[in-house]
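**Q** The following block contains a protein sequence and its predicted model.
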Amino acid sequence: MNLNLPDKVTLIEVGPRDGFQFEKKIVPTNLKVEIISGLVEAGLKDIQVTSFVHPDVVPQMADTEDLLKRLPKRKDVHYCGLVLNKKGVERAHLSGMQHIEISISASDTHSRKNAGMPFEKAMETGKEMIRLAQEYKMEIRAGIQCAFGCVYEGRISEERVLKISKDFLKIGIQTLAISDTTGMANPLSIHNLTKKLTPEVANTPVVLHLHDTRGLGLVNVMAAMECGVTRFDTALAGMGGCPFVSGAAGNIATEDTAYLMKSLNIETGIDISKVAKCSQKLEDFFRKKFPGKMHRLIRSKGYQPIN
């Protein structure tokens with residue numbers, strides 16, 4: 001096989017934010033600290049640990065400031081928080097958070113449901129948030145939701161996603177995240193968008209945030225790597241989803257993605273078994289099965305490491 005694949009990829013763990021907030025049962029702060037510490041021990045260097053939102057809206061994130069005080073501090077580990085408005089940026093700054101993500105939807109309908117505002121207003125709000133974060137000298141990741149399609153509006157044009165990307169890049173960001181929020185991407189749409197995006201981003205890193213709603217998550221990872229993408233959001237056990245997307249499924253699983261990379265001799269620096277232990281603790285806590293595969297295979301003693 002003549003595959004154009006990288007030697008190394010970076011997996012960015014989003015389960016403690018994207019995964020936890022999708023669950024109704026509140027995760028105690030002690031367990032959050034235990035899980036995130038376990039992920040750090042497993043080799044994850046970039047972890048999205050929380051969102052700065054009103055606790056009445058997302059009760060899972062009510063302990064944000066307390067959580068951040070209790071997380072293990074390591075120079076080689078970056079914790080990130082999602083912010084939805086300028087007040088969130090202020091809270092992130094006061095808590096000492098150095099890495100934040102602002103995210104807007106390329107779909108007007110999804111934006112109204114998810115953020116409570118039309119696309120144009122959300123875009124302007126996003127720019128204001130970026131300017132404020134720049135004043136605080138924060139590392140900024142800007143995300144584009146529904147980049148590959150919307151369950152309400154159907155196909156989202158590549159030109160629209162490229163225009164949003166250019167606007168973000170022009171104002172000044174450190175990372176651009178392209179999200180398949182509804183899980184509508186396929187290898188062809190991944191190829192077409194990333195090939196058009198590559199000349200625009202110059203040296204700005206691009207992250208793909210993929211959901212496995214239609215079972216194409218890891219297939220899309222392969223297509224993206226062929227196009228030069230080397231950074232992917234993942235969630236332990238395949239947790240996550242979007243409450244404003246009917247039939248939404250979780251993110252691609254951290255363990256499954258790391259196993260794919262290991263099978264291709266691509267370095268991630270991640271200990272799959274240690275991540276799986278965190279996933280197993282969460283399945284026990286929630287008393288439910290998550291969609292990832294490797295953590296359950298490891299639990300059943302059916303996992304054979306690749307040498």
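**A** Right, received. Where do you want to start? Numbers count the residues shown, from 1 in each chain.

**Q** pLDDT weak spots in this structure?
**A** Applying pLDDT under 70 to the chain flags residues 1, 243-248, 307.

**Q** at 80 what do you get?
**A** Residue ranges of the chain with pLDDT under 80: 1-2, 241-249, 302-307.

**Q** residue closest to the middle of it?
**A** For the chain, the residue nearest the mean C-alpha position is Asp233 (4.1 Å; Cα atoms, centre = their mean).

**Q** quick one, what contacts that residue?
**A** 11-14, 18, 48, 177, 179, 207-210, 251-252 (Cβ atoms under 8 Å, 6 or more residues apart in numbering). Using the backbone N, CA and C atoms, a C-beta is placed for each residue, glycine as well.

**Q** got the contact list for Gly149?
**A** Contacts of Gly149 (Cβ under 8 Å, 6+ apart): 155-156, 180, 182, 184-185, 189.

**Q** hmm, 10 Å instead?
**A** Gly149 makes contacts with 106-107, 155-156, 180-186, 189, as judged by Cβ atoms under 10 Å, 6 or more residues apart in numbering.

**Q** Of these, just say which sits nearest to Leu297.
**A** Closest approach between the contacts of Gly149 and Leu297, by Cβ to Cβ: Gly183, at 22.8 Å.

**Q** OK, contacts around that closest one?
**A** By Cβ under 10 Å, 6+ apart, Gly183 lies in contact with 148-149, 151, 210-217, 220, 241-242, 245, 247-252.

**Q** State whether it is indeed within a helix.
**A** No: according to DSSP: H, G, I helix; E, B strand; the rest coil, the state of Gly183 is coil, so it is not within a helix.

**Q** Which secondary structure element is home to the residue nearest to it when sequence neighbours are not counted?
**A** Spatially, and ignoring its direct neighbours in sequence, Gly183 is nearest to Thr213 (2.5 Å; Cβ to Cβ, 6 or more residues apart in numbering). Element membership for Thr213 (DSSP states H and E) is empty, with no helix or strand holding it.

**Q** ditto for the one 5 residues further on
**A** With elements delineated by DSSP H and E, Leu218 resides in helix 217-226, which encompasses its position.

**Q** Now, the contacts of Asp233 that are in strands?
**A** 11-13, 48, 177, 179, 207-210 (DSSP state E).

**Q** ok, and the most crowded of those?
**A** Glu13 (29 neighbours; other Cβ atoms under 10 Å).

**Q** Mind listing the residues bridging to the closest residue to Ile47 other than its chain neighbours?
**A** In space, and not counting its chain neighbours, Ile47 is closest to Glu13: 4.5 Å by Cβ to Cβ, 6+ apart. Assessed by DSSP bridges, Glu13 has beta-bridge partners Ile47, Thr234.

**Q** what residues are up against Glu13?
**A** When contacts are counted by Cβ under 10 Å, 6+ apart, Glu13 touches 19, 35-36, 39-40, 42, 44-49, 80, 233-236, 251, 254, 270, 275, 278.

**Q** got the end-to-end distance for stretch 108-126?
**A** 14 Å (Cα to Cα, to the nearest Å).

**Q** same thing with stretch 66-77?
**A** By Cα to Cα, one end of stretch 66-77 lies 18 Å from the other end.

**Q** for that stretch, which positions count as buried?
**A** Residues of stretch 66-77 classed as buried: 67-68, 71, 77 (neighbour count, 16 or more other Cβ atoms under 10 Å).

**Q** So which residues of this structure form strands?
**A** 10-13, 46-52, 78-83, 99-105, 139-145, 175-180, 206-210, 231-234.

**Q** strands paired with the third one, and their directions?
**A** Pointing back at strand 78-83 there. If you go by DSSP bridges, strand 78-83 pairs up with strand 46-52 (parallel), strand 99-105 (parallel).

**Q** one step back: you'd agree the residue nearest to Gly183 is up against Asn186?
**A** No: applying Cβ atoms under 10 Å, one finds Thr213 not in contact with Asn186, separated by 11.5 Å.

**Q** Find residues that contact each of these two.
**A** Common neighbours of Thr213 and Asn186 (criterion: Cβ under 10 Å, 6+ apart): Asp180.
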